[in-house]
Each structure stands twice: as C-alpha cells, then as structure tokens.
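> this is the structure alone, sequence omitted:
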C-alpha cells in the first residue's frame with residue numbers, strides 16, 4: 001500500500017511540475033510578446049485633417065489676418081499640385097487629386113469667429129436673435145432665419161449700410177465668446 005501511495009504522490013507531484021512548467025512557459029511566452037509590443041516607443045500619431053481645428057480669425061483681427069491664413073492654405077495646395085484660390089475657398093471635390101489635397105490642406109483654411117460659433121456654440125441661434133434685436137433697435141430691417149440660420153437683410157444695400165452696426169451688435173450679443181477669443185481661447 002505504501003508503494004501505491006508513493007506512486008500516487010509521485011504522479012501528482014509530476015503532474016504539478018508539468019503543469020507548473022507549462023504555466024511558466026506560457027508566462028514567458030506572454031512576457032516575450034508583451035516585451036516585443038512595448039519594447040520601443042509608440043509610433044507618433046498625428047490627428048487626421050478631419051479632427052484638426054481650422055485657424056480662427058478672431059473678432060479683433062481683420063482681413064489681413066484672414067489673407068495670411070489663406071496664403072498658408074494655398075502653399076499647401078500648391079505643394080499638392082493644385083492651384084489655390086485667390087480669395088474664396090475652392091471646391092476641391094471635382095478631381096481625385098483635389099480631394100487628396102483637400103484632405104491634407106483643408107484644416108489650414110481659416111474660419112471667422114462667427115463660423116466657429118455657429119459650429120460650436122449651442123446658444124448660437126439665441127445670440128444671433130439678440131444681435132438682430134440690437135440691429136432693429138438701431139433702425140435696420142432684419143430677420144433671422146434660413147438654413148443655416150443667419151441674419152437676413154432686405155437687400156445688399158441694407159446689409160452694407162448695417163455692416164458696422166452688425167459688427168458691434170455681434171460683439172455685444174456674443175460678449176462672453178468675444179472675451180474668450182481675446183484671451184486666446186476658441
């Protein structure tokens with residue numbers, strides 16, 4: 001009986017050692033794989049053009065700043081073999097080469113602070129209505145509507161006449177955002 005117990009104990013011990021050996025081998029294999037994966041620095045990742053924010057022309061900046069941003073955009077397009085626009089943003093969807101250039105350069109085309117507000121500020125429509133009320137108080141005939149929502153004038157002459165007042169009314173209605181842009185935020 002003693003021999004039988006010794007054989008069972010030896011068999012159990014051998015099984016444990018074998019199991020331990022397998023576990024140890026698996027751990028070493030896992031460690032090797034983990035070491036291989038994490039052995040070097042992670043590859044540098046750059047955000048895609050779709051996630052990068054376009055530069056913003058702030059309320060205290062003028063057309064010269066916009067033009068400088070457009071120059072950078074045009075240089076990028078030229079580097080991709082596409083002629084850039086003189087002023088207006090080009091429609092780059094016509095040719096495949098243009099689509100590739102747009103993917104690489106579009107994040108460089110500037111947007112005005114009001115365009116950024118339209119895209120990001122959930123209170124945009126209300127603040128635009130406040131701007132319109134200010135304009136009406138100053139004697140301009142305006143409405144708010146459309147898609148995208150905007151201030152609408154009866155004609156171009158009315159819009160031209162109201163230009164300075166509109167800038168002032170926007171700054172008043174969007175005062176918190178304007179202050180944020182002045183502090184360097186967006």
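Here it is on my side, so go on. Please read these numbers as outputs of a predicted model, since none were measured by experiment.
> can you show me the strands along this protein?
Using DSSP state E, the strands of the chain run over residues 56-57, 111-112, 142-145, 150-153.
> what residues sit buried inside the third one?
To tie it back to what came earlier, the one meant is strand 142-145. Neighbour-count burial for strand 142-145 flags 142, 144 (criterion: 16 or more other Cβ atoms under 10 Å). Glycine gets a C-beta too; all of them are placed from N, C-alpha and C.
> strand partners (parallel or antiparallel) of that strand?
Partners of strand 142-145 in the sheet, by DSSP bridges, are strand 150-153 (antiparallel).
> tell me which residues are up against the strand it pairs with.
Residues from elsewhere that reach strand 150-153 (Cβ atoms under 8 Å, 6 or more residues apart in numbering): 128, 131-132, 135, 140-146, 159, 162, 166.
> per the record, what domains does this protein have?
Following automatic domain parsing, one gets these domains for the chain: 1-31, 56-111, 121-182.
> average pLDDT for the shortest one?
In this model, domain 1-31 has an average pLDDT of 43.
> check the second one too.
Rounded to a whole number, the mean pLDDT of domain 56-111 is 82.
> which parts of this protein are helices?
With DSSP state H, the ranges of helices along the chain come out as 2-38, 63-79, 96-105, 113-120, 124-137, 156-161, 163-173, 175-182.
> the fifth one packs against which elements?
For helix 124-137, the contact count by 3 or more Cβ pairs under 8 Å, 6 or more residues apart in numbering; DSSP states H and E identifies helix 113-120, strand 142-145, strand 150-153, helix 163-173 as packing neighbours.
> looking at the ones you listed, which is closest to residue 75?
Of all the helices and strands packed on helix 124-137, helix 113-120 sits nearest to residue 75, with 21.9 Å by Cβ to Cβ.
> residues in contact with that closest one?
56-59, 111, 124, 127, 148-149, 170, 174, 177-178, 181, 186.
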